[in-house]
Every structure is written in C-alpha cells, then in structure tokens.
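Undergrad: Structural data only, the sequence is not supplied:
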Ligand code: 13P
C-alpha cells in the first residue's frame, strides 16, 4: 500500500503574515489520515512554519540544502540545520536549482546523500525539458538523473526517499502533462527501481509536479503509478491545496 502524498513547494513566495494565514487554513482543513501532507517554505521561514503547524498533520521541509554539513559556506543552509528546526524532508534537484543555479547531476547526488546523513527524507526531482521531450529522450534523461544519485547513494537509499517527476515544460506554465504522459514516465521510474529491487519498486512513492491544480488533480491521482503531487502555485492558497489533498484521499491506498 502506498500512502499518497501532497506536497506544496512555496518557492520564493510568502511573508510571516501570509504564511500564518496559509498554515492556519491548512491546519483547520486537514484531517488526520488520508494523504501525507508536506509544505516546503523558503528556508528563512522553515522554523516558524514548523511551529505554526505543530500538532497538525502537516509536515515541513526545506527547498534546498548545502552539499556540506558545516563550515565556511556563506549563505548556505545545511541539512542538519533544517533538521534542527524541525524539518523532516528536503527537495533535492528541483529543476529551478538545476537550470537557474547550475546544479549538476553530481551536485544533486551529493545533496541527496547529505540530506539522508542529516536525517531528512530527500525528495529527488527529475524531469525533462521540452526540447528533450520533443527529441524523444525523456526516459534517457530521467534515467541519467536517477543513475547519478544511485551511483553515489546506492539503490537501497531510496527506501528512505521520494521521487518527484516534474517535466520542466509543465512547471508554472499551466501546461500539465496529460494523465497518460505522467503515468508513462512514472511507470518508467518505478520500473527503474523494480529492476534492481522489486519490493523497493513497489513501495517507492513517485509524485507528479507541474501545474497541478484542484481541477486536474483527481485524474492524475487516478493513474496507477502516480502517488501524489508536488504542487507549486496552487499550494499558496489553502482552499485550493486542501482540495488537492481531498482528491488524493479519495484515490489513495493503491499499490
Ligand atoms: P507549479 O505547480 O507552479 O507548476 O510548480 C510545480 C513545481 O515546480 C513544484 O515543485
């Protein structure tokens, strides 16, 4: 049984006031059970959001972490610091980190290992660009992104990790992958892990990200290998995000 997950990546949005309102809305509306819910505020707000969400079913994660555990790395945040203030998860290899901040596959792999070393659950983000999809190399690209992490961390490390498939062309564009397009890549990702370890492949939760909204969540969650969503823009409104969580509840519990 794979419990569905709905995660909200706030990206660089929010303020103390907006966060308080958003978290209050989530805490009010969220039940226990059903989908696992995680929000990813900007690093500077993680500690406060942890406090705001305390005692609720909402978990909190970081959007990024440093490759290093401690030291002279001005401007960076370590996995241990995120853990120290109560984060449980961290995004690794989000496409905005890869493309805007030049994170290589090797760096992403080191961050994945650093996250686990700090006791955080990494959410490894993978996905192809529009040019790559049109060139028919989606699976090659996704496999290469997974290979880089597996080579360093080992396949077994994914027992304590999540994978998010986020086609770059669907992020913030309003252009969602169709349920069939998402399912095809999710099945490929599951197959990648099943080939090495059938149980791991069965249990691994793979989230879809890219213009998920309340209006399209249910049909995406209806696909056999889609175990939830990593939501950007639609996670900034409590009612919209809660409706996505409801959609996950009603299709949850497959696998
Ligand atoms: P949008 O839902 O805004 O397309 O963002 C997706 C995303 O990048 C989540 O990490």
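TA: Arrived safely, thanks for sending. These figures come from a predicted structure and were not determined experimentally.
Undergrad: Could you list the buried residues of the helix or strand of the chain with the lowest mean pLDDT?
TA: Within the chain, no helix or strand scores below helix 238-251, which has a mean of 91 by mean pLDDT, DSSP states H and E. Of the residues in helix 238-251, those buried by neighbour count under the rule 16 or more other Cβ atoms under 10 Å are 238, 240, 241, 242, 243, 244, 245, 246, 247, 248, 251. C-beta: built from backbone N, CA, C; applies to glycine.
Undergrad: Tell me the helices and strands packed up against it.
TA: strand 5-9, helix 16-29, helix 214-221, strand 228-231 (3 or more Cβ pairs under 8 Å, 6 or more residues apart in numbering; DSSP states H and E).
Undergrad: residues from the stretch 151-255 of the chain in reach of the ligand?
TA: With Cβ under 6 Å from any ligand atom as the criterion, the stretch 151-255 of the chain meets the ligand at residues 166, 171, 172, 209, 210, 211, 212, 230, 231, 232, 233, 234.
Undergrad: so can I have a markdown table of the buried residues of helix 238-251 showing distance to residue 119?
TA: Shown next, in a markdown table, are these (distance: Cβ to Cβ, whole Å):
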| residue | distance to residue 119 |
| --- | --- |
| 238 | 29 |
| 240 | 31 |
| 241 | 26 |
| 242 | 29 |
| 243 | 32 |
| 244 | 28 |
| 245 | 26 |
| 246 | 31 |
| 247 | 31 |
| 248 | 26 |
| 251 | 31 |
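Undergrad: Verify the stated contact: residue 169 with residue 175.
TA: Yes: here residue 169 lies in contact with residue 175, judged by Cβ atoms under 8 Å, at a distance of 6.4 Å.
Undergrad: Comparing those two, which residue is more hemmed in?
TA: Legend: neighbour count by other Cβ atoms under 10 Å for residue 169 and residue 175, higher for residue 169 (19 against 12).
Undergrad: Leaving out chain neighbours, which residue sits closest to the more buried one?
TA: residue 130 (3.9 Å; Cβ to Cβ, 6 or more residues apart in numbering).
Undergrad: Just give me the neighbour total for the one you found.
TA: Considering only other Cβ under 10 Å, residue 130 is surrounded by 13 other residues.
Undergrad: Give me the distance between stretch 208-220 and the centre of its chain.
TA: Distance of stretch 208-220 from the chain centroid (Cα atoms, centre = their mean, to the nearest Å) equals 14 Å.
Undergrad: swap that for stretch 241-255, please
TA: With Cα atoms, centre = their mean, you get 16 Å for stretch 241-255.
Undergrad: For the residues of the stretch 151-255 of the chain next to the ligand, pick the one with the most neighbours.
TA: That'd be residue 212 among these, by other Cβ under 10 Å, with 30 neighbours.
Undergrad: quick one: pLDDT of the closest residue in space to that one that isn't next to it in sequence?
TA: Sequence neighbours aside, residue 229 is the residue nearest to residue 212 in space, at 4.4 Å (criterion: Cβ to Cβ, 6+ apart). pLDDT, residue 229: 98.
Undergrad: just residue 118 next, same as before
TA: 98.
Undergrad: Please work out the residue of the stretch 1-150 of the chain nearest to the ligand and name it.
TA: Relative to the ligand, the nearest point of the stretch 1-150 of the chain is residue 9 (3.6 Å; Cβ to the nearest ligand atom).
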